[in-house]
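>>> Provided below for reference: sequence and predicted model.
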Amino acid sequence: MMRMVGSPKKPLYFSLYPRLILVITVICVLIIGATLLIGQHLQFHGDVIAFVGRSRGNLDIYTLTFDRNLPGMTQNLTDNFADDTAPVWSPDGSRIAFVSEIDGRPNIYTMNISGDDRQQLTHFRGVNDFVHMLAWSPDGTQLAFTSNFENQWHLYVMDSNGDNVRQLWDGVIVTSPIDWSPDGTQIIFTANGATNQELFVLELATGEVHALTDDIHWDAAPKWSPDGTQIVYRSHRGGNFGIYILDETDGTIARLTDRFSENFDPVWSPDASRILFLSRGARTPVTQLYLMNADGSNSQRLSTGVRGDHYSPSWRP
């Protein structure tokens, strides 16, 4: 009699294989989806800061995207052999104006938030032609900048496409961060006063210039608050550079940082609740990015992953 023999049993992993593939596929889809959601959250709902960092000898422009509940993400926007400096955001936050030596001489460019679509705005070729600090007009139609075309630093302005370059003031300035007032009527800058560097304001309608500070202290790097009532700046008082706020409504000055480190180049957050600044000294031997509340409390370092010095912070509107 012939005995029926059943089909040989398949190893267990053969029966589990389709399920394993399905599980792996689902996990991959979930990871990709979560990554896209986090990236979208960071890009559109987080805070974005542009800054200059030195990591491999030359200067590059980076962005740091961070959120109160998510870790920061750093991106190098100008990964090339040239020095790229002085980034400033356009008022709508879609582009960054900056200075680059990619063509051999310092010139002004713009790029989008990803570092693409670069457009060269100026074509200066003189041996002594240097451009440095930049500031957008509030409506985004003009760019102010500092330059030493005549071997002295002066204040200039041009249309945002690079046309119509013209000098704003005959006086000699100091190449320090400049700013355009929120109402578009003034530009604030640094120049030499009677004894030290002081803050000055240029009235664009009349061309008149008046001193905002006039004392024995070294003042520079002014930035208006979003509502135009306060100015944050750095000043050498009490033996070191600190971050101060000048209230234009009553003229009072308040110190925000301690006296144990050197602090530079403050900028406001778009909602004026926080201030970004550079610091070195007791905290770290290299210049790093720090963040604090607008009253000087809760100061903390922002981790960017860039090991060298940091410069020229700019907060996306």
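Cool, got the structure.

>>> Let's see the pLDDT reported for Phe189.
Here the pLDDT value assigned to Phe189 is 97.

>>> burial measure for it, as a count.
The number of residues packed near Phe189 is 29, by other Cβ atoms under 10 Å. In this view, the C-beta of every residue, glycine as well, is placed from N, C-alpha and C.

>>> wait, doesn't it sit right on Gln197?
No: counting by Cβ atoms under 8 Å, Phe189 does not reach Gln197; the two are 10.4 Å apart.

>>> Now list whatever residues contact both of these two.
Counting by Cβ atoms under 8 Å, 6 or more residues apart in numbering, the common neighbours of Phe189 and Gln197 are 174, 176.

>>> Restrict stretch 77-92 to CA atoms and write it as CSV.
The C-alpha trace of stretch 77-92 is given here as CSV (Å, rounded to 0.1, in the frame of the first residue of the first chain):
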residue,chain,number,x,y,z
LEU,A,77,25.3,77.5,2.6
THR,A,78,28.6,78.6,1.1
ASP,A,79,30.9,75.6,1.1
ASN,A,80,33.7,77.0,-1.1
PHE,A,81,37.3,78.2,-1.0
ALA,A,82,36.5,81.9,-0.7
ASP,A,83,35.6,83.9,2.4
ASP,A,84,31.8,84.6,2.7
THR,A,85,30.7,87.1,5.4
ALA,A,86,28.2,89.6,6.6
PRO,A,87,24.9,87.7,6.1
VAL,A,88,21.6,89.7,6.5
TRP,A,89,18.1,88.4,5.9
SER,A,90,15.7,90.2,3.5
PRO,A,91,12.6,91.6,5.3
ASP,A,92,10.4,88.7,4.0
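
>>> In it, which residues are buried?
77-78, 83-90 (16 or more other Cβ atoms under 10 Å).

>>> Over to stretch 163-171?
For stretch 163-171, by 16+ other Cβ under 10 Å, it's 165, 168-169.

>>> Same check on stretch 214-223?
Those would be 217-223, for stretch 214-223 by 16+ other Cβ under 10 Å.

>>> Next: stretch 190-205.
Neighbour counts over stretch 190-205 (16+ other Cβ under 10 Å) mark 190-191, 193, 196-202, 204 as buried.

>>> same question, stretch 262-270
Those would be 262-269, for stretch 262-270 by 16+ other Cβ under 10 Å.
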